[in-house]
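1. my questions are about this predicted structure, shown below with the sequence.
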Amino acid sequence: MPVTYLIKFDVVPEQRDRFLAMLNDLLDAMRGEPMFHRAFLDQDPESANRFMLYETWESHEDVLEVQLKRPYREAWHQALPELLSKPRDVSVWQSLRADIQKA
């Protein structure tokens, strides 16, 4: 069953550009994974250094056992303590419904 992760980041202001560059590289790599569904990155309109990442994967077990151990994630995980002003807030959700406006 697909699982969604809602991850909130409070970024050190001086690390904002590095954070975004590293996260964009990570998202680009994730997009090629067969178990990946989608990801959305949003910025808090009241804080240029607060972000929310919404990502959906096919399996929670695959994320824990395979995806988090991918080599392209290593530098990201090592850099997080320098990039963030406090630990990220991660919650796990299961989708019940999705509505997408068609063009």
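-> Looks like it came in fine. Residues are numbered from 1 along each chain as shown.
2. Tyr81 falls within a strand, correct?
-> Check again: residue 81 is Pro, not Tyr. No - Pro81 sits outside any strand when classified using DSSP: H, G, I helix; E, B strand; the rest coil, being helix.
3. and for it, the neighbour number?
-> Neighbour count of Pro81, defined by other Cβ atoms under 10 Å: 9. Where C-beta positions appear, they are placed from N, C-alpha and C, glycine not excepted.
4. repeat for Phe9
-> For Phe9, the number of neighbouring residues by other Cβ under 10 Å comes to 23.
5. the closest residue to it other than its chain neighbours sits in which helix or strand?
-> Of all residues not flanking Phe9 in the chain, Phe51 sits nearest, at 4.6 Å (Cβ to Cβ, 6 or more residues apart in numbering). Assigned by DSSP states H and E, Phe51 belongs to strand 50-57.
6. now the element after that strand, going C-ward?
-> Later in the chain than strand 50-57, the nearest helix or strand by DSSP H and E is helix 60-65.
7. rounded mean pLDDT for that next one, please.
-> The pLDDT scores in helix 60-65 average 94.
8. what packs against it?
-> With contacts taken as 3 or more Cβ pairs under 8 Å, 6 or more residues apart in numbering; DSSP states H and E, helix 60-65 sits against strand 3-10.
9. tell me what angle the helix or strand following the strand it packs on forms with strand 50-57.
-> Next along the chain after strand 3-10, taking DSSP H and E as the criterion, comes helix 16-30. Interaxial angle, helix 16-30 versus strand 50-57 (axes from the mean of the first three to the mean of the last three Cα atoms, to 10 degrees): 10 degrees.
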